[in-house]
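A.B. asks: let me see the structure of the following:
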Amino acid sequence: MEYFGYLASIIIGLTLGLIGGGGSILAVPILVYLFKVNPEQATSYSLFIVGITSMVGSYSQYVLGNLKIKSAIYFGVPSIISLLFIRKILLPIIPDSIFYIGTFEITKNLLIMLVFAVLMIATSVSMVRKSKPQQEDVQVNFVKLSFIGLVVGLVTGFLGAGGGFLIIPALLFFANLPMKKAVGTSLFIIFVNSIIGFSGDIIGGVKLNYELLLTLSFLAIIGLFIGTQLSRKIDGAKLKPAFGWFVLVMGLYIITKEIFFK
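C.D. replies: Residues are numbered from 1 along each chain as shown. Down below sits the predicted model:
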């Protein structure tokens, strides 16, 4: 199963390079199901893998002129605040065993995976639906953009998700960025959020398998370069519906496996 995991790690970077998000949607299930990493610990792995890959990608996008720093700051600062609140204050106080439904135990790990799966399904709908063409030079609503950043930080903190699948729609609809600039700006925000979240975990004493972590990160970066090259030839927006269906199937698989095949 690990060989499939290594191949899937390349796809993490591939999706980041093509559509500026989706890496964390793949990273957590890959770590949990293919590498048998504890779900809570997998969120830390995911933050590093997606973060370091996005760092490389954001630099490439900056060179191409697709990174909008002002929008990234208005979105990123509230996002970082809520991310740190979740990972340093809220997540540690959630008990390992939360409650029972009859004889069925709801644990912290189960809750993380189920919330992740529900979010995947909800996100897949926005990916599958056709979006209206975006116009440039439209006034940016920075207040709404900052609020959405706050919400995405909560998701990033709890699930170890870079949040690109939420950041992209926010940048399209509230920062009025065209798709390519939304991708570049999303990668930068994901990088900052993920690395800060991961650093907090390290300070908190999280134990990691660094050989596995660096191997998967290296493979994801390879995928990123492939995705970036493909994005110059393929319209990333056209790939979103296909990826959306894939995300939907994965979300349904996680719910089925966690509830019925434990």
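A.B. asks: might you report the residue contacts of the closest residue to residue 42 other than its chain neighbours?
C.D. replies: Leaving out its chain neighbours, the residue that sits closest to residue 42 by Cβ to Cβ, 6 or more residues apart in numbering is residue 31, at 3.9 Å. (Glycine included, C-beta is placed from N, CA and C.) For residue 31, the set of contacting residues under the criterion of Cβ atoms under 8 Å, 6 or more residues apart in numbering consists of 5, 37, 42, 45, 46.
A.B. asks: hmm, 6 Å instead?
C.D. replies: When contacts are counted by Cβ atoms under 6 Å, 6 or more residues apart in numbering, residue 31 touches 37, 42, 45.
A.B. asks: secondary structure class of the first one, three-state.
C.D. replies: Pointing back at residue 37 there. coil (DSSP: H, G, I helix; E, B strand; the rest coil).
A.B. asks: and the pLDDT for the spatially closest residue to it that is not a sequence neighbour?
C.D. replies: Using Cβ to Cβ, 6+ apart and skipping the chain neighbours, the partner closest in space to residue 37 is residue 31 (4.2 Å). Note on residue 31: pLDDT of 91.
A.B. asks: equivalent analysis for residue 137, please.
C.D. replies: Per the predicted model, pLDDT is 52 at residue 137.
A.B. asks: lowest-confidence helix or strand of this structure?
C.D. replies: Of all regular secondary-structure elements in the chain, judged by mean pLDDT, DSSP states H and E, the least confident is helix 164-173 with a mean of 74.
A.B. asks: tell me the helices in the protein, going along the chain?
C.D. replies: Along the chain, the stretches classed as helices by DSSP state H are 2-19, 23-29, 39-63, 69-85, 91-93, 108-128, 142-159, 164-173, 179-203, 210-231, 236-260.
A.B. asks: looking at the ones you listed, which is buried most?
C.D. replies: Burial among those, expressed as mean neighbours by mean count of other Cβ atoms under 10 Å, is greatest for helix 23-29, which shows a mean of 28.
A.B. asks: that one packs against which elements?
C.D. replies: helix 2-19, helix 39-63 (3 or more Cβ pairs under 6 Å, 6 or more residues apart in numbering; DSSP states H and E).
A.B. asks: which residues outside that helix are in contact with it?
C.D. replies: Everything outside helix 23-29 that qualifies as a contact, by Cβ under 6 Å, 6+ apart, is 12, 15, 16, 42, 46, 49, 50, 120, 161, 162, 247.
A.B. asks: and which of those residues is nearest to residue 112?
C.D. replies: residue 42 (8.5 Å; Cβ to Cβ).
A.B. asks: and the closest one, what's its pLDDT?
C.D. replies: The per-residue pLDDT reported for residue 42 equals 87.
A.B. asks: same deal with residue 56?
C.D. replies: Residue 56 is assigned 91 on the pLDDT scale.
A.B. asks: and it, what does it touch?
C.D. replies: For residue 56, the residues meeting the contact criterion (Cβ under 6 Å, 6+ apart) are 221, 224.
A.B. asks: distance of it from residue 187?
C.D. replies: Using Cβ to Cβ, to the nearest Å, one gets 9 Å for the distance from residue 56 to residue 187.
A.B. asks: tally up the residues packed near the residue lying closest to residue 98 once chain neighbours are set aside, please.
C.D. replies: Spatially, and ignoring its direct neighbours in sequence, residue 98 is nearest to residue 106 (4.8 Å; Cβ to Cβ, 6+ apart). Burial of residue 106 is recorded as 13 neighbouring residues (other Cβ atoms under 10 Å).
A.B. asks: also residue 34?
C.D. replies: 17.
A.B. asks: is it true that it touches residue 7?
C.D. replies: No: in this structure, residue 34 sits apart from residue 7 without contact. The criterion is Cβ atoms under 6 Å, and the distance is 9.6 Å.
A.B. asks: state the mean pLDDT of stretch 218-232.
C.D. replies: Per-residue pLDDT values over stretch 218-232 give a mean of 88.
A.B. asks: what lies in contact with that stretch?
C.D. replies: Contact with stretch 218-232 is made by 6, 9-10, 12-14, 16-18, 49, 53, 56-57, 60, as judged by Cβ under 6 Å, 6+ apart.
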